[in-house]
Every structure is written in structure tokens, then in C-alpha cells.
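Asks: Any chance you could fold what I've pasted below:
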Amino acid sequence: MFDVLTIGEMLIDLTQTGISDKGIPVYIAFPGGAPANVAVAAAKLGANTAFIGKVGNDAFGKLLVDTVKNNGVNADGMIVTDTANTTLAVVSLQENGERDFAFYRKGFADTQLSESEISDDTLKNTRILHFGSVSMTEDPSRTATFNSALRAKNMGATVTYDPNYRASLWGSLDDALVQMKMPLSIVDILKISDEELPLLADTDDPEQGTKLLSDLYGIPLILLTLGAKGAYYRFGDCTGLCEGVKVKVADTNGAGDTFFGAFLSGMAGLGKYKPSELSEDEIRELVTFANKAASITTSRSGAIPAMPTLDEVM
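Replies: Sure thing, here's the model as predicted:
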């Protein structure tokens, strides 16, 4: 049994790491993609994880498969295709460490994942199934991801979801909101950032926004990341803020994925895989642990290469 199975995009983050002595931006090819990031983060912190996604039969695709395997994630569900190139994201950094994304993705490999490539045997052998909204931008990956999450839930898995909004990936904001909201009714744990909360809840107030989402969609546990401020949780009527850890920020890419991977690995460490099995004290401890893991990631460049091991967090 896998503790955590993630489905969705894995891609190359061509990330700006500096400026050359001639004034030219310097980019490094980092492996990334939110669902893959979560699987790696959880694996590096002790969970048994697997990843399902599609990459191209090219140098970047080989790098991504090797990255998954080398970080202790089961890669049996990774599909290598000859008919599409590996997806690319160009990540430019602002002075404050925040990111600016440009995607090379239309018709690229991660969007071509089909439902027939995700077997029931794999889905029934996981305790937690995680995915994000980038997979929902277009078919066939949209249908493949959502239907697989629904299949896993019907087999008893906990379903977790991270709605990442990247404006350039959608035809319009209205279309994005329809597709991003569509999975919420089947979600057991929602991980959402302060950037997405106003989009889905029409408010940036953590208490009001999480209550609206909890009441409207019946989501048992909501984790709201607030950047340097830490993270806010809603567990039914129980709410709280766990403060962040101050660090010198090098790159925020992958911080939210590290946070959630750490939270899920912590659940696995407790042997508890459903929100109903957790106490509020345990949730606070897991969020505090996740905040620390995320802070370490932000202090280093890249997403997956920056993620900490359990020894570094403890």
C-alpha cells in the first residue's frame, strides 16, 4: 500500500538562478510539477509514495523519471511517450523571491495522460490520492485526473486537492473557476494558498473563506498557506494559525508542495490517513512540522532539489 499517490504534471522548471557577468539571466533545468513535488517531499520525509504522470521520450523526460526514482518515489505509473515533448515552465524570479511563470505546455506530454493509463489496481493500493488543478486545464488529463480521484475515493482512499491558479494556462478566469471548483465536492483535505482563496471564496479573510468552502462543499479539513505568516487550518469548527519560520528566502518555488507533502507524510507517520482520525492538537503539530519543512525549501533554489530530509526538519 502506498501512503500517498499523486497524479498530474511533472515538468522541467527552467528557473532563473541569477545574472551572468554580461547581464544575461542564467537558468537551470530543475525537475518540478506540483503533484510530483508533493510525492517527492513526502517520500524524503519518510512516506511511501508513488507518482502517475506522462513525460516525453527526450532528455528532459529521462531526467524526470530518474528524479522520481532517485528520490524514493515509485515510478511504475510514469508513462513515457514518443508523441509529445516533456512540458516546460520558465520560472523567472522577482527581487523578493516570488515567481513568474511562462509555460510551454499546449499539446505537451503531461496534458496527454489518459484515464485508461491509470489502473484500478494502482488506485486501490493507496491510502491518500492527491492531485492539483493544473491537470484540469484540458483533456485528456482533466478527465483522467478527476475520474481517477473519484475512483480512488470510491475504493476508500482519502482525496486531497491543491487548486493552483496559473492564468496563462486557462482561456479565461471564468473557465478556470469552473474547472478549479469542480473537484471540491469530493475532497477530504483541501490545501489552498492565500493567492487562490479569493478566487474560490470571494474573500481573502482566512476565517470567512475557509468557512465558506467548508460549508459549501463539506470539506472536512482545509489548510491555507499564508507565505511567511505560516498556515491557517479549519477542521470543522476548529480553526487556528500556526506561525511560519523566518528564513532568508532564495526561491519560493515548491514551498507549498513541500508543506503539503510534509503534512501528508506526518499523517502517515501517525498511521492516520483520514481527517476524522486526527485530533486538533495533531493537526497543529503537523502544520507546524510542515511550516518548518517549507521554510527550508524556500531557503534554497529549485523545487525538488531544495526539499529537506527528515533529519533536516527534526
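
Asks: Take stretch 171-188, keep the C-alpha atoms, and write them as PDB.
Replies: Presented in PDB, the C-alpha positions along stretch 171-188 are these (Å, rounded to 0.1, in the frame of the first residue of the first chain):
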ATOM      1  CA  GLY A 171      -8.600  30.500 -21.700                       C
ATOM      2  CA  SER A 172     -10.400  32.800 -19.200                       C
ATOM      3  CA  LEU A 173     -10.800  33.300 -15.500                       C
ATOM      4  CA  ASP A 174     -14.400  32.100 -15.700                       C
ATOM      5  CA  ASP A 175     -13.300  28.800 -17.200                       C
ATOM      6  CA  ALA A 176     -10.600  28.400 -14.600                       C
ATOM      7  CA  LEU A 177     -13.000  28.900 -11.800                       C
ATOM      8  CA  VAL A 178     -15.500  26.300 -13.100                       C
ATOM      9  CA  GLN A 179     -12.800  23.700 -13.500                       C
ATOM     10  CA  MET A 180     -11.000  24.500 -10.300                       C
ATOM     11  CA  LYS A 181     -14.200  24.300  -8.200                       C
ATOM     12  CA  MET A 182     -15.400  21.100  -9.900                       C
ATOM     13  CA  PRO A 183     -13.400  18.600  -7.700                       C
ATOM     14  CA  LEU A 184     -14.200  20.400  -4.400                       C
ATOM     15  CA  SER A 185     -17.200  18.200  -3.600                       C
ATOM     16  CA  ILE A 186     -15.100  15.000  -3.500                       C
ATOM     17  CA  VAL A 187     -12.200  16.500  -1.500                       C
ATOM     18  CA  ASP A 188     -11.300  15.400   2.100                       C
END
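
Asks: sec struct for R127, please.
Replies: For R127, the secondary-structure state derived from DSSP: H, G, I helix; E, B strand; the rest coil is strand.

Asks: what's the distance between the residue nearest the centre of the chain and G236?
Replies: Closest to where the C-alpha atoms of the chain average out (CA atoms, centre = their mean) is A34, at 3.7 Å. Counting by CB to CB, to the nearest Å, the gap from A34 to G236 is 27 Å. Glycine gets a C-beta too; all of them are placed from N, C-alpha and C.

Asks: likewise A47?
Replies: Separation of A47 from G236 (CB to CB): 25 Å.
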